[in-house]
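[1] Quick one: sequence and predicted model below, then my questions.
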Amino acid sequence: MASLLLTNIAQLNTVDADGTVLADAAVLIENGLIAWTGPAGQAPEAEETHDLGGRAVLPGWVDSHSHLIFGGDRADEFVARMAGQDYAAGGIAVTTSATRSLDDQQLASAVRARRTEALSMGTTWMETKTGYGLDVAEEARHARIARPLVEQLTFLGAHLVPAGWDAEQYTQTVARPMLDEVAGDVDFVDVFCERGAFTEEQARQVLQAATHRGIATKVHGNQLGPGPGVRLAVEFGSRSVDHVNYLDRQDVAALAGSWAHWEQATRTGRPGVVATCLPACDLSTRQPLAPGRDLLDAGAVIALASNCNPGTSYTSNMNFVVATAVLQMHLSLPEALEAATYGGALALGVQDHVGSIEVGKRADLHVLDAPSAAHLAYRPGMPLTYAVYQAGQRRV
């Protein structure tokens, strides 16, 4: 692969440990990796040069929470919710039925199209989940189909107890035969620990089964009200606990405390539990926005993700997510950029490879059609993605 120099960058947001922002910068890419960053006037020679015309560059978005494996939509449910109906977990069953109706080719095409759509808006690394199969054969089928189409895959058989099942029996099915079938295809095991979904003890069974197999865990928690999700995530050393709308002081302290031995200056040691905030979902469900400001002030680490799914957040636009975090969650722009890039990488355990623009990392870059990253929140909703480089190749 030829060396490539990207130059005439008005603002380079590296999202490194020092929060470095360079004006009039350049980036050298070799073999798909970042080889050099610095002032454009000091840039080394390269076989190929692209002039970015005074635009801003930041790392590609790392979307650490999505549900792309589905058929149909739930627009009617959305309209009813906007008219005042409360959100409840039961709507997942509608999507389960629609997804089962798709054959392998149709389902793969749908996932591929959604992943491409996210890439077109700057998402260069993306996790997605199963969870609309809810029986052994379907969960295995979904995992097999999605595995080559996304960067990382999570098993969420514990998404909802299907109609006609005893909750304890279904939990045991998830933790044993269902996990047996998908284990070779997934990077994480997740559980929806919430009213209307899985209790604390049922969630613990699933997390224990994953831990026994050596598979990293995640938790959907504290979305619809106070609950044990944060406690479970900290107890099991999960990569993240996601949603986190309803936190008490003990929850915030526990998340911050999980990072007590993390050395921020050098980013070494064992990471704690990332609190993944999903503001697009919060808007759609009219839940209180996750307390990202309080979490950061307490010393916790947060990620921002899209939660792209047909029921509560049918968007993969991380530009919108970042703008919402700045405008509504009271995050500063640098905090929001870090949460949507390096924070997402931490939540997925890939922070050594993606999530910031640093020498040796994969050259995943998001070029904005604007002179600074501030325009993401300053001009919310505008189509600001100019170009996207993934592993050094221009994809958009």
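    In hand now; what should we look at? Keep in mind that what you see is a predicted model, and the values were worked out from it rather than measured.

[2] Run through the helices of the stretch 251-396 of the chain in chain order.
    Counting by DSSP state H, counting those that start in this stretch, the stretch 251-396 of the chain has helices at residues 279-285, 292-298, 318-328, 333-340, 342-348, 375-378.

[3] same question, the stretch 51-200 of the chain
    75-82, 92-100, 104-119, 136-146, 167-173, 179-182, 200-213.

[4] Columns mean neighbour count, mean pLDDT and distance to residue 306 on top of those, output as JSON lines?
    In this view, the C-beta of every residue, glycine as well, is placed from N, C-alpha and C. Listed next are those as JSON lines, based on neighbours: other CB atoms under 10 Å; pLDDT from 0 to 100; distance: least, CB to CB, whole Å:
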{"stretch": "helix 75-82", "mean neighbour count": "14", "mean pLDDT": "90", "distance to residue 306": "16"}
{"stretch": "helix 92-100", "mean neighbour count": "19", "mean pLDDT": "92", "distance to residue 306": "17"}
{"stretch": "helix 104-119", "mean neighbour count": "17", "mean pLDDT": "98", "distance to residue 306": "7"}
{"stretch": "helix 136-146", "mean neighbour count": "21", "mean pLDDT": "98", "distance to residue 306": "16"}
{"stretch": "helix 167-173", "mean neighbour count": "16", "mean pLDDT": "98", "distance to residue 306": "28"}
{"stretch": "helix 179-182", "mean neighbour count": "20", "mean pLDDT": "98", "distance to residue 306": "23"}
{"stretch": "helix 200-213", "mean neighbour count": "19", "mean pLDDT": "98", "distance to residue 306": "23"}
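
[5] I'd like to know which of those helices lies nearest to residue 56.
    helix 104-119 (18.6 Å; CB to CB).

[6] How is the protein divided into domains?
    4-59+356-394, 61-348 (automatic domain parsing).

[7] Pipe the helices of the stretch 251-396 of the chain into a markdown table and attach mean pLDDT, mean neighbour count and distance to residue 17 per row.
    Formatted as a markdown table, those follow (pLDDT from 0 to 100; neighbours: other CB atoms under 10 Å; distance: least, CB to CB, whole Å):
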| stretch | mean pLDDT | mean neighbour count | distance to residue 17 |
| --- | --- | --- | --- |
| helix 279-285 | 96 | 23 | 25 |
| helix 292-298 | 98 | 18 | 16 |
| helix 318-328 | 98 | 22 | 20 |
| helix 333-340 | 98 | 25 | 10 |
| helix 342-348 | 98 | 29 | 9 |
| helix 375-378 | 98 | 20 | 22 |
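
[8] Can you lay out those as CSV showing distance to residue 31?
    CSV is the format used below for the helices of the stretch 251-396 of the chain (distance: least, CB to CB, whole Å):
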stretch, distance to residue 31
helix 279-285, 35
helix 292-298, 36
helix 318-328, 27
helix 333-340, 26
helix 342-348, 20
helix 375-378, 30
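
[9] coming back round to it: if we compare the helices of the stretch 51-200 of the chain, which one ends up closest to residue 358?
    helix 104-119 (21.5 Å).

[10] And for that closest one, what's in contact with it?
    With contacts defined as CB atoms under 8 Å, 6 or more residues apart in numbering, helix 104-119 is touched by 63, 66, 68-71, 99, 102, 126, 128, 141-142, 145-146, 149-150, 306, 308, 316, 318, 388, 390, 395-396.

[11] quick revisit: single out the most deeply packed of the domains of the chain.
    Highest mean neighbour count of the domains of the chain: domain 61-348, a mean of 21 (counted as mean count of other CB atoms under 10 Å).

[12] Now do the contacts for the residue nearest to the spatial centre of the chain.
    By CA atoms, centre = their mean, the chain has its centre lying nearest to residue 64, at 1.7 Å. With contacts defined as CB under 8 Å, 6+ apart, residue 64 is in contact with 127, 240, 274, 276, 303, 305, 343-345, 347-348.

[13] again, only using 10 Å
    125-127, 152, 154, 188, 218, 239-240, 242, 274, 276, 278, 303-307, 339-340, 343-350, 355 (CB atoms under 10 Å, 6 or more residues apart in numbering).

[14] can you check residue 16 too?
    Shown in contact with residue 16 (CB under 10 Å, 6+ apart): 37, 59, 267, 338, 342, 356-359, 361.

[15] biggest separation within the residues you listed, which pair?
    338 and 359 (18.4 Å).

[16] Now do the residue nearest to the centre of the chain against residue 164, distance only.
    As judged by CB to CB, to the nearest Å, residue 64 and residue 164 stand 33 Å apart.

[17] One more: residue 379?
    50 Å.

[18] One more: residue 150?
    Taking CB to CB, one finds residue 150 at 31 Å from residue 164.

[19] Likewise for residue 207?
    25 Å.

[20] again, but for residue 387
    50 Å.

[21] Please apply the same query to residue 362.
    Distance from residue 362 to residue 164, by CB to CB: 45 Å.

[22] What of residue 383?
    Distance from residue 383 to residue 164, by CB to CB: 45 Å.

[23] if I read this right, residue 179 contacts residue 130, doesn't it?
    No: counting by CB atoms under 10 Å, residue 179 sits too far from residue 130 to count as a contact (11.1 Å).

[24] which neighbours do these two share?
    Joint contacts of residue 179 and residue 130 (CB under 10 Å, 6+ apart) are 139, 155, 157, 186.

[25] can you tell me which residues contact the first one?
    Taking CB under 10 Å, 6+ apart as the contact definition, residue 139 lies against 69, 130-133, 155-157, 159, 173-174, 177-179, 181-182, 185-186.

[26] Now, those residues that are in strands?
    155-157 (DSSP state E).

[27] Just the terminal-to-terminal distance for stretch 99-110.
    10 Å (CA to CA, to the nearest Å).

[28] can you give me how far that stretch is from the chain middle?
    23 Å (CA atoms, centre = their mean, to the nearest Å).

[29] Which pLDDT value goes with residue 260?
    On the pLDDT scale, residue 260 is placed at 85.

[30] nearest spatial neighbour of it, skipping sequence neighbours?
    residue 272 (7.6 Å; CB to CB, 6 or more residues apart in numbering).

[31] Now do the same contact list for the one you found.
    Counting by CB under 10 Å, 6+ apart, residue 272 has contacts 233-234, 237-240, 254-262, 299-301, 346.
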